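Engineer: Got a sequence here, can you build the structure:
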Amino acid sequence: MAFEELVAQRPRSSRLRRDRGEREGLGFRLKRIALVAAVLGLVPAGISYLETVFEPSNTALSIRSVEWLRSNGAASLVNTIESVYYSLTAPEKGGPPLRKLPRVGIGTAASATASEYRPPNIVPLANPPLPGEGVWVPTRPNEGPNPPILLTTFRPEPQEYPRIVAGVAWINTKRTEIVLYPGRLEPSVEMPNRGPEEVPPSERYRLLATFNSAFKLEDSNGGFAYDGHTYAPLKEGQATFVKYSNGTYNIIAWHGGPTAPPNVVFARQNLPLLVEEGRPNPRLNESAEWGATLGNAVRVWRSALGIDSHGDLIYVIADDQTAPSLARILIHAGAVRGMELDINSYWVTFISYDAPGAKDPQKLLEFERPANRYLEPDDRDFFAVYEKTPTATPPQTLGPQPLSP
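Structural biologist: Take a look at the predicted model:
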């Protein structure tokens, strides 16, 4: 009997069982292959995450884990979760008024000399104002008539949000030197030498203040020039904090090409300008450009840096701010141009030091990070403000000592 006839005569049920068994076996093999492929695919991700866990860092593991997820394909999910969280925890309008403002600075500033500019006190928006609201205070005692840094606080939205307080620092650029320091991880660019990643101990004798830089470059689509070298191309039209070789500073919309010219010491970019010609950027209310993860309308901790008409700098920081409300704070404090810096409670930082040697550090407002943040290697780039003409003497370094007889 032919083979075909034998097959035809076999019970149909046995053939069905055989076919089903073959399909199930094929399905099992495919599932096993898929599982092995998935495991193999997770190995590089697992190695990457373990590297993040064990690399040197002063950032909390929970924050680093979120940043790792954001950089490894889960940015949309993380952004959605953060947006929902901040929307649910947004401050309610109204509520009891504050009885006092946070303490900033020391004492009162002496009367300014006629030969040097000092900003007028910020006009309080609340009526009646609280004691000291909008009044500039030096960071150290006995600073004389022209302190290099002045601090104050005021309530920027007293009618709708009477408990929100903005902290402001005015920095006299004629009496100070500002230095940009790369962090351990940011900017995420190849650099032959990232430097100390903290305020160098040898420079702390003249340290006045430190403050946070801006977004990660991958989030801001910005450039980074440092010590005369461009490490990330500068982007046309982006808000840029610039230090020039003649010792002056500016905040501008960049139109100088992708490479910083020789007269630029540093250039740090972050998003478009918040404030232009003393007015809010007209796109603030219709664009989400001022928050890579949260947009411009979610109320979170935000910080910004502006420049006034005299070429001095104005740093502002406040909780529960949108990009438009942050711009209004800058303008009310005297800025003619300004840019957003970093946002979220974990990244905003302004610290002044009440005594030479980085002693007695004081936070401008009660943000999350400790007051010694930049006195140890930090993961992100930051700025240090130094006395241009130090009042203290530098620490003495001991040279080779003679051998004992």
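Engineer: Spell out which helix or strand contains residue 80, please.
Structural biologist: Assigned by DSSP states H and E, residue 80 belongs to helix 75-88.
Engineer: so what does the helix or strand just after that helix touch, helix or strand wise?
Structural biologist: Remark: after helix 75-88, the chain's next helix or strand is strand 137-138, criterion DSSP H and E. Strand 137-138 is packed against strand 149-154, with contacts defined by 3 or more Cβ pairs under 8 Å, 6 or more residues apart in numbering; DSSP states H and E. Bear in mind the C-beta positions are built from the backbone N, C-alpha and C, glycine included.
Engineer: Show me what the strand it packs on is packed up against.
Structural biologist: strand 137-138, strand 166-171.
Engineer: pLDDT of the helix holding residue 80, averaged?
Structural biologist: Helix 75-88 comes out with an average pLDDT of 69.
Engineer: Out of the helices and strands packed on strand 149-154, which is the most enclosed?
Structural biologist: Of all the helices and strands packed on strand 149-154, strand 166-171 has the most neighbours on average by mean count of other Cβ atoms under 10 Å, namely a mean of 25.
Engineer: List the contacts of that strand.
Structural biologist: 102, 104, 119, 122, 136, 148-156, 178, 209, 211, 308, 312-318, 329, 333-334, 350, 352, 364-365, 385 (Cβ atoms under 8 Å, 6 or more residues apart in numbering).
Engineer: are any of those buried, and which?
Structural biologist: Among the contacts of strand 166-171, the ones that count as buried by 16 or more other Cβ atoms under 10 Å are 104, 119, 122, 136, 148-156, 178, 209, 211, 308, 312-318, 329, 333-334, 350, 352, 364-365, 385.
Engineer: Tell me who's in contact with residue 197.
Structural biologist: 181-184, 377-378.
Engineer: Relative to residue 194, how far out is the closest residue to it other than its chain neighbours?
Structural biologist: Spatially, and ignoring its direct neighbours in sequence, residue 197 is nearest to residue 377 (4.0 Å; Cβ to Cβ, 6 or more residues apart in numbering). Applying Cβ to Cβ, to the nearest Å, the value for residue 377 to residue 194 is 9 Å.
Engineer: A helix includes residue 67, no?
Structural biologist: Yes. Using DSSP: H, G, I helix; E, B strand; the rest coil, the assignment for residue 67 is a helix.
Engineer: Neighbours of it, how many?
Structural biologist: 16 (other Cβ atoms under 10 Å).
Engineer: dump the residue contacts of it.
Structural biologist: By Cβ under 8 Å, 6+ apart, the residues touching residue 67 are residue 59.
Engineer: Please consider this matter closed, and thank you.
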